[in-house]
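> need a structure here:
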Amino acid sequence: MEPGQGTVEDLGLAFAGRTVFLTGHTGFKGSWLALWLCELGAKVVGFALPPPTTPSAFEAAQVAPRLARHVLGDIRDLDALARAMREARPDFVFHLAAQPLVRESYAEPQATFASNVMGTANLLEGVRGLSGPCTVVLVTSDKCYENVGQIWGYRESDRMGGRDPYSASKGAAELVIRAYRGKKIASVRGGNVIGGGDWAKDRLVADLARAFAAGETAVLRNPQSTRPWQHVLDALHGYLTLAARMARDDAAWLCDGWNFGPDDVTEWTVERLAAEFCAAWPGTRYEVAPTAAGLEEARTLRLDASKAHAKLGWYARWSTPEAIRHTASWYRRYYAGQEPMRAVCLEQIKALVTAAP
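Numbering: from 1, shown residues only. Down below sits the predicted model:
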């Protein structure tokens, strides 16, 4: 593996002592990334709305005290966002702030487009206003592709699209990013991430954990839908690996779209994941309910991460069953209330980076 391709030492060299501007740091994914960057020695300036749920990963893991600065702000506010970026003078920018829910996008389509499309444009305008160079990684979604129901994984060269407001907003965000490329700017698309600390409404693992903690039966929508399930840390490891490589290498091919999906090629339906989650949390059960009328969600979705394999040396380190076990363990330990969750998060980060790819 080349230097800068994701080992613990290489990521430390890339981020230690560097300033990172991170949007969406109060969200599920952003909280994990903020903790990881701080552990690598980075000075993290977070810009986001307050945590979107109660409880939240941000509060459970006590992320705020680790940050160099915690800025409450809205990415739809260009002036506030650009001002915070100029004050931070970042070496790296990671953009995670978004409206992240498919079903919410049906209820609030305009807000979804405002956050996910114009929020992305505002972030890139902020980057244009910086006086010094920086490396920029913008997170979109596996749902940015025009889903035509193909059984093979979507590649970075496939068309952008989306039949629901959320997916369409992510495809549109990719087009915005493409229009701004010229500096060290790349977009990344992870699979359906799971992990401890996600309490968002209508997310499978969050719904399972909430029900199981309350001693209730979980209810599944779309049990036969397949998704590229992966642990949040595997996706974030890909984003960090790409950013570290971009920071040390001026190659234009790095400034592109990248998939970081799971390597498990077997079928993992919603129901199969729920059954595995139940096995990791004894005494729990689920039942299947009919899908709500009128809310279309793609039945099949897969990512092809062969580009990241070949060009970055990145591979998922946890299989789908391992990702589920680590996720169930996090929630069970949280609800037991007997240990600090920041320590649990750091323990799982260490376990991921020391696992064989």
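> look up how far Ala305 lies from the closest residue to Thr120 other than its chain neighbours.
Leaving aside its sequence neighbours, Thr120 sits nearest to Ala173 (Cβ to Cβ, 6 or more residues apart in numbering; 4.4 Å). From N, CA and C alone the C-beta is placed, and that goes for glycine too. Per Cβ to Cβ, to the nearest Å, Ala173 is found 20 Å from Ala305.
> so what does Arg325 look like in phi/psi?
Backbone torsions of Arg325, given as degrees, to the nearest 10, read phi -60, psi -40.
> next one: Arg103
Arg103 adopts backbone torsions of phi -70, psi -40, taken as degrees, to the nearest 10.
> count the residues that sit near it.
15 (other Cβ atoms under 10 Å).
> do you know how far it is from Arg203?
Between Arg103 and Arg203 the distance is 9 Å, computed by Cβ to Cβ.
> and if you look at Ser319?
In terms of Cβ to Cβ, Ser319 sits 21 Å off from Arg203.
> settle it for me: which of these two has more neighbours?
Neighbours per residue (other Cβ under 10 Å) separate Ser319 from Arg203, with Arg203 holding more: 20 against 17.
> show the contacting residues for the nearest residue to that one once chain neighbours are set aside.
Nearest residue to Arg203, sequence neighbours excluded (Cβ to Cβ, 6+ apart): Leu101, at 7.4 Å. Neighbouring residues of Leu101 by Cβ atoms under 8 Å, 6 or more residues apart in numbering: Tyr166, Ala200, Lys201, Asp202, Arg203.
> CA atoms only: put stretch 203-219 into PDB for me.
Taking C-alpha atoms only, stretch 203-219 is exported to PDB below (Å, rounded to 0.1, in the frame of the first residue of the first chain):
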ATOM      1  CA  ARG A 203     -34.000   4.600   9.100                       C
ATOM      2  CA  LEU A 204     -33.900   0.800   9.500                       C
ATOM      3  CA  VAL A 205     -31.300   0.400  12.200                       C
ATOM      4  CA  ALA A 206     -32.500   3.400  14.100                       C
ATOM      5  CA  ASP A 207     -36.000   2.000  14.100                       C
ATOM      6  CA  LEU A 208     -34.800  -1.400  15.200                       C
ATOM      7  CA  ALA A 209     -32.700   0.000  18.000                       C
ATOM      8  CA  ARG A 210     -35.500   2.200  19.300                       C
ATOM      9  CA  ALA A 211     -38.000  -0.600  19.300                       C
ATOM     10  CA  PHE A 212     -35.600  -3.100  20.900                       C
ATOM     11  CA  ALA A 213     -34.600  -0.700  23.700                       C
ATOM     12  CA  ALA A 214     -38.200  -0.200  24.500                       C
ATOM     13  CA  GLY A 215     -38.900  -3.900  24.500                       C
ATOM     14  CA  GLU A 216     -41.200  -3.600  21.500                       C
ATOM     15  CA  THR A 217     -41.500  -5.400  18.200                       C
ATOM     16  CA  ALA A 218     -39.800  -3.600  15.300                       C
ATOM     17  CA  VAL A 219     -41.800  -3.000  12.100                       C
END
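> list the buried residues in stretch 199-206.
Trp199, Ala200, Arg203, Leu204, Val205, Ala206 (16 or more other Cβ atoms under 10 Å).
> pLDDT check: weakest of the residues you listed?
Ranked by pLDDT, the buried residues of stretch 199-206 bottom out at Arg203 (90).
> so how far is Ala173 from that one?
Counting by Cβ to Cβ - Arg203 and Ala173 are separated by 20 Å.
> ramachandran coordinates for the residue nearest to Arg203?
Dihedral angles (degrees, to the nearest 10) for Leu101: phi -120, psi 130.
> look up how far Met160 lies from it.
20 Å.
> returning to what we had before: of all pairs in the contacts of Leu101, which one spans the longest distance?
Largest separation among the contacts of Leu101 by Cβ to Cβ: Tyr166 and Lys201, giving 13.3 Å.
> need the overlap of contacts for the two.
With Cβ under 8 Å, 6+ apart as the test, Tyr166 and Lys201 both reach Leu101, Glu104.
> buried stuff in the lowest-mean-pLDDT helix or strand in the chain?
Taking mean pLDDT, DSSP states H and E as the measure, helix 8-15 is the helix or strand of the chain with the lowest mean score, a mean of 84. Across helix 8-15, burial judged by 16+ other Cβ under 10 Å covers Asp10, Leu11, Leu13, Ala14, Phe15.
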